[in-house]
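Trainee: just to be clear, the model below is a prediction. Sequence and coordinates:
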Protein chains: 2
Amino acid sequence: MAEDLALMDEDQVHADRVAAILQAVDANDATRLTELLEPLHAADIADLLEQIGAGDRRALLGLWSGEVDGEILSEIDESIREEVIESLPREVVAEAMRELDSDDVVDILEDLDPPQQGLILDALEDADRVAVEAALAFPEDSAGRLMQREVVVAPEHWTVGEAIDYLRQAEHLPDQFYHVILTDPRMKPTGYVTLGRLLSSRRDMRLKEILEDSFRTVPATETEADVAYMFNQYHLISTPVVDANGRLVGVITIDDAMNVLDEEHEQDMLRLAGVGDDSSLSDGAFATARQRLPWLVVNLFTASISAFVISRFESTIASLVTLAALMPIVASTGGIAGTQSLAVAVRALATRSLTSANAKRVVLRELVGGLLNGVGLAVILGLGGFLIFGDWKLGLVLGMAMITNQLVAALGGVLVPLGLHRLKLDPALASGTFVTTLTDVLGYLAFLGLASLVLL
Amino acid sequence: MAEDLALMDEDQVHADRVAAILQAVDANDATRLTELLEPLHAADIADLLEQIGAGDRRALLGLWSGEVDGEILSEIDESIREEVIESLPREVVAEAMRELDSDDVVDILEDLDPPQQGLILDALEDADRVAVEAALAFPEDSAGRLMQREVVVAPEHWTVGEAIDYLRQAEHLPDQFYHVILTDPRMKPTGYVTLGRLLSSRRDMRLKEILEDSFRTVPATETEADVAYMFNQYHLISTPVVDANGRLVGVITIDDAMNVLDEEHEQDMLRLAGVGDDSSLSDGAFATARQRLPWLVVNLFTASISAFVISRFESTIASLVTLAALMPIVASTGGIAGTQSLAVAVRALATRSLTSANAKRVVLRELVGGLLNGVGLAVILGLGGFLIFGDWKLGLVLGMAMITNQLVAALGGVLVPLGLHRLKLDPALASGTFVTTLTDVLGYLAFLGLASLVLL
């Protein structure tokens, strides 16, 4: 059996499991449903809820509501979380929230409507509610929202033995922690010790002597994107968060940073393609259409600029209709080159490889690279044009327009995101439309303009 | 001073630092150079080496070669690593390699040419060389290459006290470890205990009683992409790697998984834009041009299909030249819609949100969403066409072509990546070109075809 499974496609196994679960839901068979769901990880149950249709989801939750716990709610995608929470009995939600660490409750709360937020806050114990409300006071997408408030600290003068004895007696330790943070008497973090180091050092060793080099703190107001970058760049595993006075207020762990990194990626990729940020696979057709319509409408207007440019050359086209057939080649190859240059620049800005220190060199490189490819493509296209139409002037126009547009694409692809970045805007946002408009308009202009000069 | 710095743009600080460093290099001032570089993290020094030009890099390394250590070499981007290693004295490289953990040496070695690999292998101590060669025997991009071989294990029957005593006596513990892995007598891992749990439990507690639920193992032949997904999905911090017989051979930690996730994302984004995988910001103009040329040439040919389609309608265009100006509107709006749909599908496949279980629903959603936006855009464009040209038939043709092409875009954007995925190919690879060719060709065909039917 196990071998059979290993041989089967993983995706097929998953599809079969979903089918069996939906069958149990249809049959109203709660026992069978629990049998099938119980062995799954909360993250996989959450994925499953996202993948089935809204009707099935309601039926499943109706049959299984008692078993939905905090971990599942915390794993579930924002796009359906509100719907799921509304469909659950209030006491199930309250119980689920009480199981979670404060940072997970904050993560759930911040996306809910105020009435739902109120219900959940009321369900929390006093201490937890205070912690959650304090976190919500920090700006959205800040380190203060991301951190957990449960920290493990020790005074700077302690020895390894004292720290271990303290940990062994402590009643409430966080579920996950990787460092003991040293603080001065005013609660300012001054260093940290890894648990591995603590375990392998002599009891009389002073904590101060086994501090890690990697230590750095994060202000609570730092953006989560900057925090994620820092974790990835410096291979951090957890890092203390401090308030405006430098006092320890919480700690961020790498699993949260990894999650942020993943979301930032998603945002870059979707924004670059002109898709709204909160798009999700569980959205319906209406929501999907609404998220994508804005950039389509923008494109409708920018494409009209191209149309206007072309319309200025109607007499040129009328005297040589072949031009109409050939003009999209130059424009579309420019579009591809612009997209290439743009993707490289957006990625480089996100990883901070593209800075003021090397911007000039990168722009120059794109320009020379664009020229090289422009010449290469011009030779292929120009020769092709000459061979097919037997007109060397037409080949020349095609080639020259291609070189011009490759240069425009290379420059636009890097200058547009650099400009947006300098204006403190997201370089991924809108730059795709800017760049393709540029390559379209100038592609048509170069080709038809040169054609009217050289051919007519 | 500190406040001044905080007020200044971070990017400006970085640019100033780079300028100061290059000045020291120009002045041949090794002392000043060391003063400037010493306080920086190895990852930042590596970034700096990538950001400066090849000539400056050579000069800097010439002046500072003695200080380049294993960590810097390990942080440096593949694109310039070979160049950097070649420019360093052999004994500096050998010394740097001896400082590193086996997984970092493997990471460096796998991208080098065989002669350089040999030099480095020779420089390692016997035990390390055996470990590195064993790792290189695993397939590229597999868990076996990613793992570190240094593991911390304990027999299943040990108590907390026995484990702590063992750790305190152990001579060589890994730099970073987060779990003590329990193994049976045949070295098969059966569970793990976090260091936090170990520190906070009574000495007489059996390790078996404080195992973590999150425990799972990874076969050494698993792809690193699957490993990264697993870490992100299940919030793992480290996970044991086993050989074909289920025996423990190493451990993968979350910082490596985060790195892989980041690289996978880069790959998706660049491939989707038609850029070669090993592109890097430190590549020269020639390398850049060469990486991007293949898809440009492919696009040149696919665009020729559009040109051919248009040429079939030359007589239609000749009788109404305005059509030539309007036709790119339909094609380009389709291109945007296709790109949107494609980005969502590629991302969903990468995060495994799009599976056989919901593929049908997602395709249907895209189709209905495409229809909705098609109708919306058709109304705007059709009305605009009617108002500008005073010809309701032209408005009708524009609108109908728009609806057709939005449907094609929506379907192509999701079916092309799904098809590539089913064929076990990377859904990001080549799908951009496929989809825009589809929307271009069918956009022109629909518009000109309808025009010749309705208008002439």
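Mentor: Structure received. No experiment lies behind these values; they were computed from the predicted model shown. Numbers count the residues shown, from 1 in each chain, chains lettered A, B, ... in the order given.
Trainee: tell me the helix or strand right after the one helix or strand in chain A whose mean pLDDT sits lowest.
Mentor: Scoring the helices and strands of chain A by mean pLDDT, DSSP states H and E places helix A:2-7 at the bottom, with a mean of 42. Next along the chain after helix A:2-7, taking DSSP states H and E as the criterion, comes helix A:10-26.
Trainee: now for that next one, which elements pack on it?
Mentor: Judged by 3 or more Cβ pairs under 8 Å, 6 or more residues apart in numbering or on different chains; DSSP states H and E, helix A:10-26 is in contact with helix A:30-37, helix A:42-51, helix A:54-64. Placement of C-beta: from N, CA and C, glycine included.
Trainee: hey, which of the ones you listed is tucked in deepest?
Mentor: Comparing these on average neighbours per residue, with mean count of other Cβ atoms under 10 Å in any protein chain shown, the densest one is helix A:42-51 at a mean of 21.
Trainee: quick check, that one touching chain B?
Mentor: Yes. For a cut-off given as Cβ under 8 Å from any Cβ of the partner chain, helix A:42-51 has contacts with chain B, namely A:43-44, A:47, A:50-51.
Trainee: contacts for that helix next, please.
Mentor: Outside helix A:42-51, the residues that touch it by Cβ atoms under 8 Å, 6 or more residues apart in numbering or on different chains are A:18, A:21, A:37, A:40, A:57, A:60-61, A:69, A:71-72, A:74-77, A:79-80, A:84, A:280-282, B:233-235, B:352-353, B:355, B:357-358.
Trainee: let's see which of the residues you listed end up in helices.
Mentor: Of the contacts of helix A:42-51, the ones assigned to helices by DSSP state H are A:18, A:21, A:37, A:57, A:60-61, A:71-72, A:74-75, A:79-80, A:84, B:233-234.
Trainee: if we can go back for a sec, just send the residues of helix A:42-51 next to chain B back as CSV, with pLDDT and distance to residue B:200 too.
Mentor: Output for the residues of helix A:42-51 next to chain B, formatted as CSV (pLDDT from 0 to 100; distance: Cβ to Cβ, whole Å):
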residue, pLDDT, distance to residue B:200
A:43, 94, 26
A:44, 94, 29
A:47, 93, 32
A:50, 91, 36
A:51, 91, 38
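Trainee: can I get those residues in JSON lines with distance to residue A:105?
Mentor: Below are the residues of helix A:42-51 next to chain B laid out as JSON lines (distance: Cβ to Cβ, whole Å):
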{"residue": "A:43", "distance to residue A:105": "18"}
{"residue": "A:44", "distance to residue A:105": "22"}
{"residue": "A:47", "distance to residue A:105": "21"}
{"residue": "A:50", "distance to residue A:105": "21"}
{"residue": "A:51", "distance to residue A:105": "25"}
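Trainee: list just the nearest of the residues you listed to chain B.
Mentor: residue A:51 (4.2 Å; Cβ to the nearest Cβ).
Trainee: next one: that closest one from residue A:84, what distance?
Mentor: Residue A:51 is 13 Å from residue A:84, where distance means Cβ to Cβ, to the nearest Å.
Trainee: which of the contacts of helix A:42-51 are buried, as a ChimeraX select command?
Mentor: A single ChimeraX command selects the buried members of the contacts of helix A:42-51 (16 or more other Cβ atoms under 10 Å in any protein chain shown):
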select /A:18,21,37,57,60,61,71,72,74,75,76,77,79,80,84,280,281,282 /B:233,234,235,352,353,355,357,358
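Trainee: how many other residues sit next to residue A:424?
Mentor: Applying other Cβ atoms under 10 Å in any protein chain shown, we find 7 residues neighbouring residue A:424.
Trainee: that one: which element?
Mentor: In this assignment (DSSP H and E), residue A:424 forms part of neither any helix nor any strand.
Trainee: so what does it look like in phi/psi?
Mentor: Residue A:424 adopts backbone torsions of phi 60, psi 30, taken as degrees, to the nearest 10.
Trainee: kindly provide the distance from it to chain B.
Mentor: To chain B, residue A:424 is 10 Å away according to Cβ to the nearest Cβ, to the nearest Å.
Trainee: quick check: the residue of the stretch 51-200 of chain A nearest chain B.
Mentor: Residue nearest to chain B within the stretch 51-200 of chain A (Cβ to the nearest Cβ): residue A:195, separated by 3.7 Å.
Trainee: related to what we said a few turns ago, any chance of the helices and strands packed on helix A:10-26 in CSV, plus distance to residue B:146?
Mentor: As requested, the helices and strands packed on helix A:10-26 are arranged in CSV below (distance: least, Cβ to Cβ, whole Å):
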stretch, distance to residue B:146
helix A:30-37, 32
helix A:42-51, 22
helix A:54-64, 36
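Trainee: between these, which one is nearest to residue A:382?
Mentor: Closest to residue A:382 of the helices and strands packed on helix A:10-26 is helix A:42-51 (Cβ to Cβ; 51.0 Å).
Trainee: what angle sits between the strand or helix carrying residue A:360 and helix B:42-51?
Mentor: Using DSSP H and E, residue A:360 sits in helix A:359-389. Angle of helix A:359-389 versus helix B:42-51, following axes from the mean of the first three to the mean of the last three Cα atoms, to 10 degrees, is 50 degrees.
Trainee: next, the angle from helix A:359-389 to helix B:10-26.
Mentor: Relative orientation of helix A:359-389 and helix B:10-26, computed by the same axes, to 10 degrees: 90 degrees.
Trainee: that'll do, ta.
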